[in-house]
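In: with the input below, show me the fold.
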Amino acid sequence: MSEIQTYVSERGFELYGSPVATTYGDVVSVYESSAASGPHIWLRTQRPGDADNDEVTQAAHMSVEQATAIRDRLTLAINRAGERWAAS
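Out: Numbering: from 1, shown residues only. Okay, the predicted model is just below:
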């Protein structure tokens, strides 16, 4: 994995790397939450608007345990995709 830079927001929270643009034009961001109940992470997706559609933003607020569960599923999906495509 390449080195991911962290940035600090105007409010003092960490942003983890630059937003990532996806194949279909969505933009995905990961950043620290301000939740006082313990460490939490935001995962945000944004779909830019166009002449026919408004911009759409969705965000998931996760505990570290929930974020770890999603990371584990992404890792499995990434590994399996490579295996499945290599087999074809």
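In: now the one helix or strand residue 79 maps to: buried residues?
Out: Under the criterion of DSSP states H and E, residue 79 resides in helix 64-87. For helix 64-87, the neighbour count (16 or more other Cβ atoms under 10 Å) marks residue 67 as buried. (Each C-beta comes from the backbone N, C-alpha and C, glycine too.)
In: now stretch 48-63
Out: Neighbour-count burial for stretch 48-63 [16+ other Cβ under 10 Å]: residue 62.
In: quick one: end-to-end distance for that stretch.
Out: 27 Å (Cα to Cα, to the nearest Å).
In: please list the outside residues in contact with it.
Out: 25, 27, 33, 35, 38-47, 70 (Cβ atoms under 8 Å, 6 or more residues apart in numbering).
In: the same query, at a cut-off of 6 Å, please.
Out: Residues from elsewhere that reach stretch 48-63 (Cβ atoms under 6 Å, 6 or more residues apart in numbering): 40-47.
In: same deal with stretch 4-24?
Out: By Cβ under 6 Å, 6+ apart, the residues outside stretch 4-24 that reach it are 27-32.
In: redo that, cut-off 10 Å
Out: Outside of stretch 4-24, the residues within contact range by Cβ atoms under 10 Å, 6 or more residues apart in numbering are 2-3, 26-34, 41-48.
In: restricted to strands, list those residues.
Out: Mapping these onto strands (DSSP state E) picks out 27-32, 41-47.
In: before we move on, the earlier item: which one of the contacts of stretch 48-63 is nearest residue 80?
Out: residue 43 (20.9 Å; Cβ to Cβ).
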